[in-house]
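>>> Quick one, fold the following:
(4 chains)
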There are 4 protein chains.
Amino acid sequence: MWTETDNKLYKKFQFENFSAAFAFMTRVALEAEKMNHHPLWTNVWNTVEIWLSTHDAGNVVTDKDRKLAAAIDQLI
Amino acid sequence: MWTETDNKLYKKFQFENFSAAFAFMTRVALEAEKMNHHPLWTNVWNTVEIWLSTHDAGNVVTDKDRKLAAAIDQLI
Amino acid sequence: MWTETDNKLYKKFQFENFSAAFAFMTRVALEAEKMNHHPLWTNVWNTVEIWLSTHDAGNVVTDKDRKLAAAIDQLI
Amino acid sequence: MWTETDNKLYKKFQFENFSAAFAFMTRVALEAEKMNHHPLWTNVWNTVEIWLSTHDAGNVVTDKDRKLAAAIDQLI
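Alright, predicted model coming up:
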């Protein structure tokens, strides 16, 4: 479930280990680069946290963020 | 199923698309680097083929190859 | 220098070690996914070999291949 | 230059674009997995920020962090 706070879409993902988490990050990177829309994200070992907002729109949530969020959910 | 031919362990992997295939390759890369034992591998879109042999042992299959093969199978 | 043989663009890349080679592969993966045009490629330790052709055009070299080749060269 | 604050080693890295930043992250991931010592890190587009501390030692900076920091610096 993505939540919207402070003009950002946010979701936390957890995996079995670092390898699975980083493989997920690689897939998100491929999506982000394809859409030319990149996340703010944090990783520590098996946990990835993602925040999405649109810089060019003044750092608010736009359809670009909802589209990337949906694409990320497809990866799980 | 890994097969052994020409002094190499060989297995072919297929995924739903390039993104899934490359995420798998990233996980194999992490294992290979950790073991300091690297595959010969080929990718085209959703398909990854891997051949394992031990260069330092004269390009034959050794326990290092069987161990990496087992680690790769754990990723699927 | 890319060479064209058997209806494929081909180039061999060598790096200082596996880590540098796989980082290059990750950047090529990002380009390929963005263009929706994927290479046939092989890696063993510090060496990456890439063959480009266009499946949808009957496995010949097209502008899509020349564009991806140019993008790959920009990464070096 | 790594700085030590709040019992963490910290350094910020900037690259020409997302592709270069993520390739760097892939190389750091390979090092981290090899050492079985993983960073807390954040990325947004061309910027990567890394914090290193040792969970098992009570979240303080140890030689494991200094060793990983040195390995990361070798990648630049």
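>>> Report the beta-bridge partners for the most centrally placed residue in chain A.
Nearest to the geometric centre of chain A sits A:Ile50, at 4.1 Å (CA atoms, centre = their mean). Using DSSP bridges, the bridge partners assigned to A:Ile50 are A:Lys11, A:Trp41.
>>> which ones are touching it?
Shown in contact with A:Ile50 (CB atoms under 8 Å, 6 or more residues apart in numbering or on different chains): A:9-13, A:28, A:39-41, A:72. Placement of C-beta: from N, CA and C, glycine included.
>>> relative to helix C:18-35, how tilted is the lengthiest helix in chain A?
Selection of the longest helix in chain A by residue count, based on DSSP state H, yields helix A:18-35. If you take axes from the mean of the first three to the mean of the last three CA atoms, to 10 degrees, helix A:18-35 sits at 40 degrees to helix C:18-35.
>>> what does the model give the residue of chain A found nearest chain B for pLDDT?
For chain A, the residue closest to chain B is A:Ala23, as judged by CB to the nearest CB, at 4.1 Å. Here the pLDDT value assigned to A:Ala23 is 98.
>>> What count of nearby residues applies to it?
24 (other CB atoms under 10 Å in any protein chain shown).
>>> Could you pull up the residues touching the closest residue to it other than its chain neighbours?
Once flanking residues are discounted, A:Ala23 sits nearest to B:Ala23: 4.1 Å by CB to CB, 6 or more residues apart in numbering or on different chains. Residues in contact with B:Ala23 (CB under 8 Å, 6+ apart) are A:23-24, A:26-27.
>>> Now distance to A:His55 too, for those residues, in JSON lines please.
Putting the contacts of B:Ala23 into JSON lines (distance: CB to CB, whole Å) gives the following:
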{"residue": "A:Ala23", "distance to A:His55": "27"}
{"residue": "A:Phe24", "distance to A:His55": "23"}
{"residue": "A:Thr26", "distance to A:His55": "23"}
{"residue": "A:Arg27", "distance to A:His55": "22"}
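>>> between these, which is nearest chain D?
Closest approach to chain D among the contacts of B:Ala23 (CB to the nearest CB): A:Thr26, at 7.5 Å.
>>> Is there proximity between the host helix or strand of A:Leu68 and chain B?
For A:Leu68, the element it lies in under DSSP states H and E is helix A:63-75. Yes. Helix A:63-75 reaches chain B (CB under 8 Å from any CB of the partner chain) through A:Leu75.
>>> and that helix with helix B:18-35, angle?
Using the same axes, to 10 degrees: helix A:63-75 against helix B:18-35 is 60 degrees.
>>> For the helix or strand bottoming out on mean pLDDT in chain A, name the packing helices and strands.
Within chain A, confidence by mean pLDDT, DSSP states H and E is lowest for strand A:3-5 among all helices and strands, at a mean of 96. Judged by 3 or more CB pairs under 8 Å, 6 or more residues apart in numbering or on different chains; DSSP states H and E, the packing partners of strand A:3-5 are strand A:8-14.
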